[in-house]
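Colleague: Fold the following, please.
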Amino acid sequence: MVMELEEEGEKLVTPGEVLGKSSSLIAGKGTYVAPHNHIVYASLNGRLTTIPPFPDSSDQRPTVKVTGHKAHGAVPEPGSIVIARITKVMARMASADIMCVGAKSVREKFTGSIR
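Modeller: Here you go, the predicted model:
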């Protein structure tokens, strides 16, 4: 559910919120497309912005992006290459703390699992 602030007309979203179908939207920064259902989701807490397509563009879908509330470091997204510290090993999976996304270190703590 997309929350709208009455005062400013801003739409605020949280990670995992559905923004629309990839057939009608292009996923920009702060969003991703799930490969199994082709739905565009928010990957950050922040303000939702819809950017209209250029008039002469062959793809006439608008682009959606989410701008975070505060400055943050690198944020892992599906498909990101990360450096992680394994924190727990179990029979079917391992838990990890993500330290870097690509060449950038993360400011906030992110955890992941390896199955």
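
Colleague: May I ask which helix or strand encompasses residue 99?
Modeller: strand 94-101 (DSSP states H and E).

Colleague: quick one: strands adjacent to that strand?
Modeller: Sheet pairing for strand 94-101, assigned by DSSP bridges, gives strand 82-89 (antiparallel), strand 104-114 (antiparallel).

Colleague: now those in CSV, with distance to residue 55 and mean neighbour count?
Modeller: To be clear about C-beta, it is placed using only N, CA and C from the backbone, and glycine gets the same treatment. Formatted as CSV, the strands paired with strand 94-101 follow (distance: least, Cβ to Cβ, whole Å; neighbours: other Cβ atoms under 10 Å):
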stretch, distance to residue 55, mean neighbour count
strand 82-89, 39, 12
strand 104-114, 35, 12
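
Colleague: quick one, domains of this structure?
Modeller: The chain breaks down into these domains under automatic domain parsing: 3-68, 82-114.

Colleague: Only the buried residues of the strand holding residue 99, if you could.
Modeller: Residues 96, 98, 100-101 are the ones in strand 94-101 that count as buried (16 or more other Cβ atoms under 10 Å).
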